[in-house]
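In: Quick one, fold the following:
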Amino acid sequence: MSTSNRVNPSEVTTQKHQPFVPVNMEMKEFTWRAVILGLFMTVILGAANAYLGLRAGITIAATYPAAVIGMAILRGMKGSVLEENIARTSGTIGEGIAAGAIFTIPAFVFVGAWKSFGVTDWGTYFQATALILVGSVIGVLFISLVRRGMVEDPELPFHESVAAAEIHKAGQRGAQAAKYLFWNIGVGGFIYILGRLGLFAADKDVHLQIGNLGRSQVRLGTTGDANVLAAGGASTFAAPSVSPAYLGVGYIIGLKLASIQFAGGVLAWGLIVPLLIFLMGPELHRYLPADTPDDWAGMAVAIWRFIVRPIAVGGMIVGAAWTLIKMRNSLMLGLGRAIADLRKTAADQAALPRTERYMSSKLVFGLIAVMFVLMCALYIHISGLVLPAILAAVVMLIVGFFFATISGSLCGFIGSSNNPVSGLTLSTLLIAALLMVSLGARGAHGVAVVLGVAAVVCVSSSVAGELLQDFKVGYILGGTPAKIQKAELIAVVVASLVMYFPLALLNTAFGFGTRQLAAPQAGLMAALAQGIVGGDMPWPLVGVGILFGIAMIMMQVRSPMLVAVGMYLPFETTFAIFIGGVFRAIGDWAANRRGYNSAQKARVENAGVLTASGLIAGESLLGLLWAALVALAISQQAWLRGAAAAAKRITSWQMFEHPLYLVGLIVMALLALLMIVLPVTAAGDPSEPAPPTAMM
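Out: Presented below is the predicted three-dimensional model:
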């Protein structure tokens, strides 16, 4: 962020904020073309982030792509800058809802609370949609209560909001950047489909010996054969997936964060799995199926799933707690602002100019009361329990408000891409689980209500952070807050009503918890809810993970949470993300070597982030389309018989019977050229002013 965008706190008392559009200027703002465009973007970007989050455990902020797309389209229709802001505001909220949904909704499937999760399972649809809808509306309402003090606070930098506002101000120069996004959406989708149709193998497992079964041994003493332990076996590890989305994620988060996450995968598959295979090899060999005596790969996966992942759960618990502890000052500051804002009287709100007109506090509180009643009914329906369900709704209301405020404050400091929503949700889940146990609620019903509380809080916290960023952009541009709130409420309702379908399509096609859809955060929530309420938790392994997380903190590891997530995710995923980070580092090195100034480097960064965002969106959207074809192919509906047969022919057709991973490596090399060369060549003239950078 350039110094010209920073506000000196000492100047606040003497300088009044001047928005880009003057307060006394009337301009088209809330128009239906802007809202409809925003709704289209929120559905598309939300679904894409749902796919990405379930596969890679990471979502990417939609503010920057939505700003570019909205401006590119509305400028062609002679729309105003405030219309563009409404479109971007409506278009980003789907990412927030997706982030909240993917962290919790699959957990209901993992614990067996929902026996089926398909496109036409309407009972499940209404329960899941009700949780998402209540959470998203509550998030909008909660942050509406505390928005003014946080938006106007000069100590909250709002990097992503400032960047988005500067894009709108930049005019045509910003609109031209859309070509990088749109073109690479096509590239990412095309490559994904070629992989699905068998042009190349996207994944490859590499098998290797760990010692020599029957001859390797470990001596546990100094004398005698009695102190010798037979050892040896075979393990496996995966080569990086040929995935435009994974490479794009790695490019956006950068080499440092990608390396930290990859370190978790290396610990899992380079240390723990081989070590246990070597020591337990002779015993494991007895459990191999008789007809497949050499299926060591299956044993390696079982060790990772049932031993390594519980250790990773312990690490994630510590990582989430440590993230919140480090941000304790920010959390308390955000809560203090919320309380102070609630003390303002009606007289303080009267006679406000256009840029300070917010939705009536009475209306906000009234809607919160309605949402509370709906939550009570929903939790009673899910759990079959009355008193525990009502108390759970009370907990959600109190903790949800607290965490929505925290989420907004954190987005102001670090941006929505880095917002630790999973950590806030984990804290809520632990509180709700302990409450259910103390009330005697156990078994499947107790687990279900705990997950219900976590789901609402997770979605509300994620939406609250996104909305506060939108308020800040509107504050900079001179938008009307009440119109922004109106657009957000419409967008969250629409996004909530459709979010179930991409999740159901992906589950039907690939299955939650598989290598295709690891859903690490939802797996963590399910494991903790079952472990605390249902008593089904391998606590010794979780304890090992907790101690491991503490050790990482003592070693000053930058993000213990990211290391634990890397252990939990499939190795091919973290490996590919790491490769994407390497591509980013090479591009940065090339820009430095060419002697680019700060303005040129900003243009390189923008082009690179838009290129990576396009690749992510392309694979995500075509991945959803492919999932829809797979779901259609296995449909048993009589009226879909013809369409199902056609879909089955498409999904089963292969260019090559045995596609080669070597061809996939060639595709990855071509993607490397695209992600490195294209941004570096977009540096432009060194005399041109620096554009806003893509604060992702």
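
In: and Gly135, how far is that from Met396?
Out: Using CB to CB, to the nearest Å, Gly135 is found at 9 Å from Met396. Heads up, the C-betas are built off the backbone N, CA and C, glycines and all.

In: Comparing the two, which residue is more hemmed in?
Out: Using other CB atoms under 10 Å, the more surrounded residue of Gly135 and Met396 is Gly135, with 32 against 29.

In: Would you double-check that that one falls in a helix?
Out: Yes: counting by DSSP: H, G, I helix; E, B strand; the rest coil, Gly135 falls inside a helix.

In: For the stretch 251-400 of the chain, just list every one of the strands.
Out: With DSSP state E, counting those that start in this stretch as the definition, the stretch 251-400 of the chain shows no strands.

In: circling back to that earlier point, shared neighbours of Gly135 and Met396, anything?
Out: 456-457 (CB atoms under 8 Å, 6 or more residues apart in numbering).

In: Which of the three states applies to Val206?
Out: Per three-state DSSP, Val206 ends up strand.

In: where does the stretch 451-600 of the chain dip in pLDDT?
Out: For the stretch 451-600 of the chain, the stretches flagged by pLDDT under 70 are 535-537.

In: brain fart, the stretch 201-350 of the chain
Out: For the stretch 201-350 of the chain (pLDDT under 70), the answer is 223-226, 287-294, 323-324, 327, 329-350.

In: send the alpha carbons of the helix or strand where Ala645 lies over as PDB?
Out: Assigned by DSSP states H and E, Ala645 belongs to helix 641-652. Provided in PDB are the C-alpha atoms of helix 641-652 (Å, rounded to 0.1, in the frame of the first residue of the first chain):
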ATOM      1  CA  ARG A 641     -32.500 -41.400 -18.300                       C
ATOM      2  CA  GLY A 642     -31.500 -40.000 -21.700                       C
ATOM      3  CA  ALA A 643     -29.400 -37.100 -20.200                       C
ATOM      4  CA  ALA A 644     -27.800 -39.600 -17.800                       C
ATOM      5  CA  ALA A 645     -26.700 -41.900 -20.600                       C
ATOM      6  CA  ALA A 646     -25.200 -38.900 -22.500                       C
ATOM      7  CA  ALA A 647     -23.400 -37.700 -19.300                       C
ATOM      8  CA  LYS A 648     -22.000 -41.200 -18.700                       C
ATOM      9  CA  ARG A 649     -20.600 -41.400 -22.200                       C
ATOM     10  CA  ILE A 650     -18.900 -38.000 -21.800                       C
ATOM     11  CA  THR A 651     -17.400 -38.700 -18.300                       C
ATOM     12  CA  SER A 652     -16.200 -42.200 -19.200                       C
END
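
In: what does it rub up against?
Out: Applying CB under 8 Å, 6+ apart, the contact partners of helix 641-652 are 196, 626, 629-630, 632-635, 637.

In: just checking, which of these belong to strands?
Out: Using DSSP state E, no member of these sits in strands.

In: So of those residues, which two are at opposite extremes in space?
Out: Within the contacts of helix 641-652, Arg196 and Gln637 form the most distant pair, 23.6 Å apart (CB to CB).

In: Tell me which of the two has more neighbours.
Out: Using other CB under 10 Å, the more surrounded residue of Arg196 and Gln637 is Arg196, with 18 against 10.

In: Kindly export stretch 548-555 (C-alpha atoms) in CSV.
Out: C-alpha atoms of stretch 548-555 as CSV (Å, rounded to 0.1, in the frame of the first residue of the first chain):
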residue,chain,number,x,y,z
PHE,A,548,3.8,-30.8,18.6
GLY,A,549,1.9,-27.5,18.1
ILE,A,550,3.3,-26.2,21.3
ALA,A,551,6.8,-27.2,20.1
MET,A,552,6.3,-25.3,16.9
ILE,A,553,5.3,-22.2,18.8
MET,A,554,8.5,-22.5,20.9
MET,A,555,10.5,-22.8,17.7
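
In: returning to that earlier point: show me how to select, in ChimeraX, the buried members of the contacts of helix 641-652.
Out: What follows is the ChimeraX syntax selecting those of these that are buried according to 16 or more other CB atoms under 10 Å:
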select :196,626,629,630,632,633,635
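
In: which one of the contacts of helix 641-652 sits closest to Cys411?
Out: For the contacts of helix 641-652, with Cys411 as the reference and CB to CB as the criterion, the closest is Trp626, at 32.7 Å.

In: roughly how far apart are the residue lying closest to the closest one once chain neighbours are set aside and Gly189?
Out: Nearest residue to Trp626, sequence neighbours excluded (CB to CB, 6 or more residues apart in numbering): Arg196, at 5.6 Å. Separation of Arg196 from Gly189 (CB to CB): 11 Å.

In: Going by distance to Ile676, which of the contacts of helix 641-652 wins?
Out: Arg196 (25.7 Å).

In: what about the closest residue to Thr508 other than its chain neighbours, how many residues close to it?
Out: Once flanking residues are discounted, Thr508 sits nearest to Ala631: 4.1 Å by CB to CB, 6+ apart. Using other CB under 10 Å, Ala631 has 22 neighbouring residues.

In: the helices in the stretch 351-500 of the chain, which residues?
Out: 361-383, 387-414, 421-438, 443-477, 481-509 (DSSP state H, counting those that start in this stretch).

In: Kindly report the same for the stretch 551-696 of the chain.
Out: Under DSSP H, counting those that start in this stretch, the stretch 551-696 of the chain gives helices at 560-568, 571-593, 598-633, 641-652, 661-680.

In: now the first one against helix 571-593, angle please.
Out: Our comparison of helix 560-568 with helix 571-593, counting by axes from the mean of the first three to the mean of the last three CA atoms, to 10 degrees, yields an angle of 130 degrees.

In: likewise the fourth one?
Out: For helix 641-652 and helix 571-593, the angle between their directions (the same axes, to 10 degrees) works out to 60 degrees.

In: list the contacts for the residue nearest to Thr508?
Out: The contact partners of Ala631, taken as CB under 8 Å, 6+ apart, are 118-119, 504-505, 508-509.

In: Looking at these, state which has the most neighbours.
Out: Top of the contacts of Ala631 by neighbour count (other CB under 10 Å): Leu505, with 25 neighbours.

In: Touching, that residue and Leu624? I think so.
Out: Yes: the pair Leu505 and Leu624 qualifies as a contact (CB atoms under 8 Å) at a distance of 6.2 Å.
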